[in-house]
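Asker: Test case, fold it:
(chains A and B)
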There are 2 protein chains.
Amino acid sequence: MSTTAIPTQKEVFDLLRNDLVAIESEFERLSGSEVDSVTEIASYLREGGGKRIRPSLLLLAAKSLGYVGSSAVRLGAVIEMIHTATLVHDDIIDGAETRRGRPAANTAWGNSKCVLAGDWLYMQAFRVALDERDFRILDLLIQLTQQMVEGELLQMERLSSLLSEAEYYELIDRKTACLFRVSMQLGGILGGAPPELDEQFGEYGRHLGLAFQIVDDVLDLTASEEVLGKPTGSDLREGKATLAVVHALKRGTAEERAEIIAALEDREFNGPRYARILATLERLGSLDYAMHAAFAHAEQAKECLANLPDSEYRRALLWAPDFVVARDK
Amino acid sequence: MSTTAIPTQKEVFDLLRNDLVAIESEFERLSGSEVDSVTEIASYLREGGGKRIRPSLLLLAAKSLGYVGSSAVRLGAVIEMIHTATLVHDDIIDGAETRRGRPAANTAWGNSKCVLAGDWLYMQAFRVALDERDFRILDLLIQLTQQMVEGELLQMERLSSLLSEAEYYELIDRKTACLFRVSMQLGGILGGAPPELDEQFGEYGRHLGLAFQIVDDVLDLTASEEVLGKPTGSDLREGKATLAVVHALKRGTAEERAEIIAALEDREFNGPRYARILATLERLGSLDYAMHAAFAHAEQAKECLANLPDSEYRRALLWAPDFVVARDK
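Answerer: Next up is the predicted model:
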């Protein structure tokens, strides 16, 4: 990697390649159970992939402080197992039919087995984390999981209802930003971060997570089904008001508001209605508004690294926020 | 309590009354969440009651070794929260309509919220246990939970199929005996049990748990709906072969076996068919066989206390196995 310029995606990936491969094997090894359906469901979920952005953050945080031990790979797998456990329970709750372009696990194995497979993944993640024999790690992970579960319940309570912007932020904080924050903090613990840096790592992760989720929510409205691996407008169809929609509901005409509210309540709509809603979001600048919020959080994330000594890992962390807001899938 | 005789149920209850009341308040306090549906579902489940036999074991084990601190109450609440979390997920999986004579939580709040409420209770239990800052406690609880979840998955895989006796025992070990074992071991940890006694406490709990579940399974076949708080024969209706049924399937005539197998596969049957199956179990001595197995485990449980110094708590522990096998609900 160049010693001065912001790196490319390939350079960052090369930097972490070996560790990410090791995390993948560790995840695979740890998902093996004597109970066949656990192994099957966990393998299916693992093979579904994902960007592995959370373990990458953990690796970069730890390595930016000179960490060289093997715990980063194990905890990277722990983070990915917890993330996977939340996804499988969320898909049950949302009645999701697809995830990352494949049938959701609940459609293949049924809800019952997926409830238990999710439980098992949580426990396995805690078991591996417990082996680190560090109470700070366990405190972070248990609080995290509880916050995420509460977030999903809050989201259910607020479906089809008119969110304030603060309520939207609370939901995405719990849904996404918490896990980004904890990934950074775990890296900080491994690297022996002093308290101030621990705080800054956490804030970096939180802002990056907020930017990530806001962009995700915009893409859900604008990207094609082919790119998303699920139908465009899934959030609206599930009754979820995201930032652009929250913005439009404050600023639209009575007629525009009524149309969006009807879509949130009906949980289904046809192509012409969706096209009209998208046009409203465009007209009101709601999509731009959301993207600007994402850019602002990306900038705030970068500012949190001001005190971190320069290294290729720090440069990769500086690159991540720009990558997150520039991605198109 | 008398200093020599085996105590009565009232004497044992009096001995633990204050602590059980404290565990109840602790459970109530710990089930309060800023997310309303968590608090509602957790309160509903807690108020559903139950025999609180698991925290009682923890208290008796700790107190039999002279323990006087407050951790026994907290860990008693933890054990009851974990037990409650498994019940709410199990009820979703079994599609249960009633639990302890009331509508099951999933019928009132729906499966989605109950998946999350169960997750939350697990995490809350771990969070409270984590505050004890004792890795042995966390190791026991995490392994326990994973074993129970695997047990429920194994049960699903084996529904409607012909179990061997060994397979039946593996299922009830995971479903019930593990939690009884861990309850005793947690009490042992608090009381500072030396390794040999820790082992004996664990074995006491395991045998008591096996006896408890075998009797539960017999009662499911023989007790009235009024007494059970759920329909008689629920296990058969859910495709679950329990010990008496496993016995009858080995010894019955071809016709008797066919009738039982049909009931397990159909998952529903009428009164006359159920009466014929019960008559078969009686004729083959299958219910007696199961009860004898329960008595044997109750005796083995008592033998595990041979090295424990005499006290009113030890006497209560000696009383529990007889109580468990003699109960009619």
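Asker: Just the buried residues of stretch A:74-88, please?
Answerer: Neighbour counts over stretch A:74-88 (16 or more other CB atoms under 10 Å in any protein chain shown) mark A:74-88 as buried. Placement of C-beta: from N, CA and C, glycine included.
Asker: Tell me which of the residues you listed fall in strands.
Answerer: Within those, no residue falls in strands by DSSP state E.
Asker: quick one: which of these is nearest residue B:153?
Answerer: Closest approach between those and residue B:153, by CB to CB: residue A:88, at 13.5 Å.
Asker: For the closest one, give me the pLDDT.
Answerer: According to the prediction, residue A:88 has pLDDT 90.
Asker: Quick check, it in contact with residue A:114.
Answerer: Yes: assessed by CB atoms under 8 Å, residue A:88 is found in contact with residue A:114 at 5.2 Å.
Asker: Check the contact lists of those two and give me the overlap.
Answerer: Shared contacts of residue A:88 and residue A:114, defined by CB atoms under 8 Å, 6 or more residues apart in numbering or on different chains, are found at A:41, A:105, A:106.
Asker: For residue A:278, which non-adjacent residue is spatially closest?
Answerer: Leaving aside its sequence neighbours, residue A:278 sits nearest to residue A:221 (CB to CB, 6 or more residues apart in numbering or on different chains; 6.9 Å).
Asker: okay, now that neighbour: neighbour count?
Answerer: 22 (other CB atoms under 10 Å in any protein chain shown).
Asker: same question, the one 5 residues further on
Answerer: Residues within reach of residue A:226, counting by other CB under 10 Å, total 9.
Asker: separation between it and residue B:179?
Answerer: Per CB to CB, to the nearest Å, residue A:226 is found 48 Å from residue B:179.
Asker: just residue A:134 next, same as before
Answerer: 27 Å.
Asker: ok, now residue A:294?
Answerer: Residue A:294 sits 46 Å away from residue B:179, going by CB to CB.
Asker: What strand or helix carries residue A:213?
Answerer: Here residue A:213 sits within helix A:195-222, counting by DSSP states H and E.
Asker: Residue A:279 and residue A:226, how far apart?
Answerer: Residue A:279 is 22 Å from residue A:226, where distance means CB to CB.
Asker: Check residue A:187 too.
Answerer: Applying CB to CB, the value for residue A:187 to residue A:226 is 34 Å.
Asker: repeat for residue A:152
Answerer: Taken as CB to CB, the span from residue A:152 to residue A:226 is 28 Å.
Asker: quick one: contacts for the residue of the stretch 201-329 of chain A found nearest chain B?
Answerer: Going by CB to the nearest CB, chain B is nearest to residue A:238 of the stretch 201-329 of chain A, at 11.7 Å. Residue A:238 sits next to A:94, A:159, A:267 when contact means CB under 8 Å, 6+ apart.
Asker: In chain A, where is pLDDT below threshold?
Answerer: Scanning chain A for pLDDT under 70 picks out A:1-5.
Asker: 50 instead?
Answerer: Low-confidence segments of chain A (pLDDT under 50): A:2.
Asker: the more surrounded of residue A:134 and residue B:179?
Answerer: Regarding residue A:134 and residue B:179, a neighbour count based on other CB under 10 Å identifies residue B:179 as having more, with 25 against 17.
Asker: ok, so what distance separates the residue nearest the centre of chain A from residue B:42?
Answerer: Nearest to the geometric centre of chain A sits residue A:176, at 4.3 Å (CA atoms, centre = their mean). Computed as CB to CB, the residue A:176 to residue B:42 distance reads 25 Å.
Asker: What ranges does the stretch 1-150 of chain A have for its helices?
Answerer: Under the criterion DSSP state H, counting those that start in this stretch, the stretch 1-150 of chain A contains helices at A:9-30, A:36-47, A:53-64, A:71-94, A:105-109, A:111-130, A:135-157.
Asker: can you put those in TSV and add distance to chain B?
Answerer: Shown next, in TSV, are the helices of the stretch 1-150 of chain A (distance: least, CB to the nearest CB, whole Å):
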stretch	distance to chain B
helix A:9-30	12
helix A:36-47	5
helix A:53-64	19
helix A:71-94	4
helix A:105-109	10
helix A:111-130	4
helix A:135-157	4
